[in-house]
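Visitor: From the sequence below, what's the structure:
(4 chains)
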2 protein chains.
Amino acid sequence: MDTQNQVFSYIEPEENSGYLLWQVTMQWQLSMNRALGKMELTLTQFSLMAGLYWLGEKKGAVTQQQLADYANTDKMMTSKVLAVLENKQLIERVKDPGDSRAKQLKMTDKGIEVLREAYRVVKAVDDVFFKDVMKDKVVFDGLLMRLIK
Amino acid sequence: MDTQNQVFSYIEPEENSGYLLWQVTMQWQLSMNRALGKMELTLTQFSLMAGLYWLGEKKGAVTQQQLADYANTDKMMTSKVLAVLENKQLIERVKDPGDSRAKQLKMTDKGIEVLREAYRVVKAVDDVFFKDVMKDKVVFDGLLMRLIK
DNA sequence: CTAATTTAGTTGTCGTGACTACTAAATTAG
DNA sequence: CTAATTTAGTAGTCACGACAACTAAATTAG
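Guide: As a prediction, this is how the structure comes out:
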């Protein structure tokens, strides 16, 4: 066969690490969003709330930019999602007394309660999803960590 | 410290496989979209074109639903992205003669040309992105494949 | 001190990605 | 054969996620 006109060098998509990574992550994300959907949360909303909780425990006051840096989300998207979380009364945004451009983020009691429950849900989904690679978790996580720039 | 009121059991997000997977994939996707952006393509558009090319090589005529099944994309999204690709004259959609509900997909010459170039770009990005795990590719891909449902 | 630059946050656009709801055609069941 | 169901595709909604462009406040440089 004339391979000159072939677009690909006969590499099945299934042999492509990037494609596999993408497929797996989309499935994981879908599982998470479906599970969290029952409590009216998205994965991104959960992720920002969890990040805020963590940073809050570590550093006290947290601004939107600090949270965005921590969660590797851009500040524009972060701003919008936090506005949604504020509307749901899961967090509060108050003017930073020291820097009037910034806003300090605080979780409400309701927010902490929802986060606690969401965390259980997320953990349960993860346990099922990663069940088949559980015994290789260290290897798996190690490989992933090598890929984070 | 009183751990009863803690939301999490002191598990850093960095130790969570799902979180790592998500972060890595988002970075991979961003690299891909930036690289493909130079040729006015998105990763999803490339992915559907590549899938169409593959299926076409294997089976000849391809419908939207078949492509959606192959690429694990939902048919609604697939329909919209294919409409975009048709507008760009990278593919054609013609009525299936055997099933008047269905549309047969065909790549145009321009589409094949763009796909060829896009494939080079994608391959180059992948080579850089996965450079650090190249020697463990078999292990890495194996783990990912175990996670695909 | 004042001008230039940087930083924190918002608004709006585009392209997925999941989903509901719909049309029309094909298939299956009775 | 006809009714019920399934299938292929489209339209529209919501929520990211990347980005450009913007305001206003803080910081730095001269």
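
Visitor: Alpha carbons of stretch A:88-102, in CSV - could you do that?
Guide: What follows is stretch A:88-102, C-alpha atoms only, in CSV (Å, rounded to 0.1, in the frame of the first residue of the first chain):
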residue,chain,number,x,y,z
LYS,A,88,-25.8,29.9,46.9
GLN,A,89,-24.6,31.3,50.2
LEU,A,90,-21.9,28.7,50.4
ILE,A,91,-19.2,31.4,50.7
GLU,A,92,-18.9,35.1,51.4
ARG,A,93,-16.8,37.7,49.7
VAL,A,94,-15.9,40.7,51.8
LYS,A,95,-13.6,43.6,51.0
ASP,A,96,-10.1,43.0,52.1
PRO,A,97,-9.4,45.7,54.7
GLY,A,98,-5.7,45.8,53.7
ASP,A,99,-6.2,45.9,50.0
SER,A,100,-9.3,47.5,48.6
ARG,A,101,-8.9,45.8,45.2
ALA,A,102,-9.0,42.4,46.8
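
Visitor: Next, count neighbours for residue A:108.
Guide: By the criterion of other CB atoms under 10 Å in any protein chain shown, residue A:108 has 15 neighbours. For glycine as for every other residue, the C-beta is placed from the backbone atoms N, C-alpha and C.

Visitor: My error: substitute residue A:124 in the last question.
Guide: Neighbours of residue A:124 using other CB under 10 Å come to 11.

Visitor: Just after the host helix or strand of it, pick out the following helix or strand.
Guide: Element membership for residue A:124, per DSSP states H and E: helix A:109-129. Once the chain leaves helix A:109-129, the next helix or strand it forms, by DSSP H and E, is helix A:137-147.

Visitor: pLDDT score assigned to the most centrally placed residue in chain A?
Guide: Geometric centre of chain A, nearest residue: residue A:47, 4.3 Å, by CA atoms, centre = their mean. Per-residue pLDDT puts residue A:47 at 97.

Visitor: Next: residue A:108.
Guide: Model confidence at residue A:108 (pLDDT) stands at 96.

Visitor: rewinding a little: the residue nearest to the centre of chain A against residue A:72, yeah?
Guide: No: using CB atoms under 8 Å, residue A:47 makes no contact with residue A:72, being 9.6 Å away.

Visitor: elements contacting the helix-or-strand element of chain A with minimal mean pLDDT?
Guide: Least confident helix or strand of chain A, by mean pLDDT, DSSP states H and E, is helix A:43-59 with a mean of 94. Under the contact definition 3 or more CB pairs under 8 Å, 6 or more residues apart in numbering or on different chains; DSSP states H and E, helix A:43-59 sits against helix A:17-37, strand A:62-63, helix A:64-71, helix A:75-87, strand A:103-107, helix A:109-129.
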